[in-house]
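[1] got a structure for you, letters missing:
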């Protein structure tokens, strides 16, 4: 898996990012070449918000919330979509996702380019951002066209930062978890300070927040409209941003009876937003959930009949290059594909980190990371194992469902309440909450392709 991680994407920075004279200049890099992209150059309206949001992302990227672990930072990913800039980061443990959205109003209506890359947030820049005040002008440059910092002394610094497979899987799973989330609790920022302090004090306890009048009630059991907060100490990264926010809105998916669920916290600053998503536990990063596996197994989105990797996902990627809107209905209307085919293609792009979801606006967005169809399946070991089972005659249909022979064991994949279930130990432990097991995915592949065991 290590080879796959380094083969996906390598970023090269020609020099460090820097802040001098109110000019915040990010060094950016594009994959497989040294030439840099410039997405935006202009002043921002709320310097403290932008600086604070970038600091929070740097803290997230460098954090590992698992016990007895130390973080090793990854540089945030920035996307320009023609209207706004989105800065994103995942924690080293993969269980905390943060995103800073800067709207056109924040960017003083200066044109924004399109593209996605990493930005270098180095220690000197981090320290400089901590000193940005509310009245300090801040000119943001994502690129290198206008970088002039005297301390660089003209040196060229190459910094290779691999975008690992776990990050791509994490970004993909974040979008899947965010899709069913709705707003549950909206608070003025002042009241949110007390809530955050309470959740942080609970440590590793699992708490459920139930709306109660203008506030909330904290319980140990879920109720209608509840928001789950697992390992709430992870919310501490939001503390410096709360005094700058107007409102804080909590998001959650429908309560399902699971012991824990993901949650989302969105801080609204008027012209900018900061979104934080927490996984179900510090030991459960988003990358390991596998929610996309059923969709990936349901269709051949990776290659056409020639096997050259130019299938539905690549076609959809080309479509989104011109239009960053990724609504399923509009994609189906424009391509003529049936819903299952659209879902499989979007799942393939999501696995490559190319599709995100904004809970604050309830819209999807395109994140054009380098897409290599031949590596998508390798990002999910369960999917790769399932394909081997399905193509080597290990899946046999029966009256009860499918018998799947894996190693020396035979498992039964069957329908339960309209969904697949399995008799394996993985399913007994997780009941599908961390995605389907490889046996279920193998059965889905076999069912869709008509492959049958001996």
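    Happy to help now that I have it. Bear in mind that the values here come from a model prediction, so they are computed numbers and not experimental data.
[2] Now for the residue positioned nearest the centre of the chain: which residues touch it?
    Against the mean C-alpha coordinate of the chain, by CA atoms, centre = their mean, the closest residue is residue 171 at 2.5 Å. Going by CB atoms under 8 Å, 6 or more residues apart in numbering, residue 171 touches 77, 88, 90, 97, 353, 356, 367. No exception for glycine: its C-beta is placed from N, CA and C like everyone else's.
[3] and residue 140, that one's in a helix?
    No. Assessed with DSSP: H, G, I helix; E, B strand; the rest coil, residue 140 is strand; it does not lie in a helix.
[4] That one pairs with what?
    Taking DSSP bridges as the rule, residue 140 bridges to residue 24, residue 42.
[5] I'd like to know how far the residue nearest to the centre of the chain sits from residue 346.
    14 Å (CB to CB, to the nearest Å).
[6] cool, and residue 319?
    Distance from residue 319 to residue 346, by CB to CB: 11 Å.
[7] more crowded one of these two?
    Neighbours per residue, other CB atoms under 10 Å: of residue 319 and residue 346, the larger number sits with residue 346, 24 against 16.
[8] Check the gap between that one and residue 430 for me.
    The value you get for residue 346 to residue 430, if CB to CB is used, is 24 Å.
[9] Next secondary structure after the one helix or strand residue 343 maps to?
    Here residue 343, judged by DSSP states H and E, is contained in helix 339-351. Going down the chain from helix 339-351, the next helix or strand is strand 355-358, by DSSP H and E.
[10] What are the contacting residues of that following strand?
    By CB under 8 Å, 6+ apart, strand 355-358 touches 86, 88, 99, 101, 171-172, 174-175, 178-179, 275, 326, 346, 349, 363-367.
[11] from the residues you listed, which ones fall inside strands?
    86, 88, 99, 101, 275, 363-366 (DSSP state E).
[12] Show the buried residues in those residues.
    Among those, the ones that count as buried by 16 or more other CB atoms under 10 Å are 86, 88, 99, 101, 275, 364-366.
[13] Among the residues you listed, give me the pair with the biggest separation.
    The span of these, defined through CB to CB, is set by 275 and 366 at 16.9 Å.
[14] So, low pLDDT: which residues of the stretch 1-150 of the chain?
    Low-confidence segments of the stretch 1-150 of the chain (pLDDT under 70): 1-16, 18, 20-22, 27-38, 68-74, 109, 143-150.
[15] for it, what spans make up the helices?
    Using DSSP state H, counting those that start in this stretch, the helices assigned to the stretch 1-150 of the chain run over residues 2-8, 47-61, 123-129.
[16] Out of these, flag the one nearest residue 112.
    helix 47-61 (14.2 Å).
[17] who touches the closest one?
    By CB under 8 Å, 6+ apart, the list of residues contacting helix 47-61 reads 24, 44, 71, 73-76, 87-92, 96-100, 102, 106, 121, 126, 129-130, 132-134, 136-138, 140, 237-238, 240-241, 244, 269, 271-272, 274.
[18] Can you list the low-confidence ranges for the stretch 251-400 of the chain?
    288-310, 325-326, 352, 370-379.
[19] Apply 50 and report the result again.
    Low-confidence segments of the stretch 251-400 of the chain (pLDDT under 50): 301-310.
[20] Can you identify each of the strands in it by residue range?
    Ranges of strands within the stretch 251-400 of the chain are 263-268, 272-278, 355-358, 363-366, 395-397, based on DSSP state E, counting those that start in this stretch.
[21] could you redo these as CSV and give each row distance to residue 340?
    Supplementary listing: the strands of the stretch 251-400 of the chain in CSV, determined by distance: least, CB to CB, whole Å:
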stretch, distance to residue 340
strand 263-268, 28
strand 272-278, 27
strand 355-358, 17
strand 363-366, 18
strand 395-397, 19
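[22] quick one, which of the ones you listed is nearest to residue 425?
    strand 395-397 (18.7 Å).
[23] what comes into contact with the very next helix or strand once past the closest one?
    Using DSSP H and E, the helix or strand that follows strand 395-397 in sequence is strand 402-406. If you take CB under 8 Å, 6+ apart as the criterion, strand 402-406 is touched by 389, 394-397, 410-414, 422, 424, 438-439, 442-443, 446-447, 453.
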